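Visitor: Below are the sequence and a predicted model; questions follow.
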Amino acid sequence: MATINELTKNYSGIFGNLLLARNRNGKTIMVIPQTKSTNKPTENQLTARRQFTLASRYAKNVLLDPDKLAAYTAKSRDGLSPYILALTDYLKPPFVEQIDASGYHGKVGDKIGVTAIDDFELTEVTLKIADVTGVLIEEGPCAFSLITGNYEFTATVAVPDPAGVTVTAKATDTPGHTAEHTITL
């Protein structure tokens with residue numbers, strides 16, 4: 001059975017260098033304080049710190065932009081503030097999981113499906129089709145399909161022989177990060 005201790009429910013701070021109390025969403029959390037390392041940071045640690053600094057800047061700018069703040073506020077759940085949601089959105093880039101070219105036979109109107117994912121929101125998914133030598137045949141935006149839950153590209157240029165053609169999907173998220181995936185037919 002859980003009990004509420006009125007005496008300690010709002011404590012915060014360090015107690016005797018042995019215990020650190022924090023308040024999160026009306027709950028007091030007790031942890032052991034971290035100690036600073038005397039080791040020099042590794043290159044991976046420095047990279048992670050730089051990424052976190054950039055993510056923090058992005059999140060602070062979201063708080064200053066009324067439109068972005070409204071978007072992040074609308075998706076904030078489970079005690080996550082818009083700042084934390086923006087921070088994690090920056091740190092997690094989008095991902096192109098799959099390109100489904102089974103409906104593409106080189107004819108105008110053929111469809112190519114793209115499964116692209118982001119933890120917050122994708123702002124754009126585009127597709128490029130290039131011939132065997134790498135020359136661009138066509139490119140354009142994909143439209144989100146409510147039926148399939150994926151993005152679809154409709155071909156506008158006929159390709160007599162699609163064998164060896166490369167299809168590249170590119171997803172962009174709200175912070176501007178991109179991810180690409182390429183297949184060869």
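Guide: Yep, that arrived.
Visitor: Which secondary structure state does residue 73 sit in?
Guide: helix (DSSP: H, G, I helix; E, B strand; the rest coil).
Visitor: Could you double-check that it lies in contact with residue 82?
Guide: Yes - applying C-beta atoms under 8 Å, one finds residue 73 in contact with residue 82, separated by 4.8 Å. For every residue, glycine as well, the C-beta is placed using N, CA and C.
Visitor: Run through the helices of this protein in chain order.
Guide: Using DSSP state H, the helices of the chain run over 43-64, 66-74, 82-91.
Visitor: buried ones in the second one?
Guide: By neighbour count, with 16 or more other C-beta atoms under 10 Å as the criterion, the buried positions of helix 66-74 are 68-69, 71-72.
Visitor: can I get the residues you listed in a markdown table with pLDDT?
Guide: Listed next are the buried residues of helix 66-74 as a markdown table, based on pLDDT from 0 to 100:
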| residue | pLDDT |
| --- | --- |
| 68 | 92 |
| 69 | 93 |
| 71 | 91 |
| 72 | 91 |
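Visitor: Out of those residues, name the two that are farthest from one another.
Guide: Greatest spacing in the buried residues of helix 66-74, by C-beta to C-beta: 69 and 71 (7.3 Å).
Visitor: any weak-confidence spans in the protein?
Guide: 1-18, 24-26 (pLDDT under 70).
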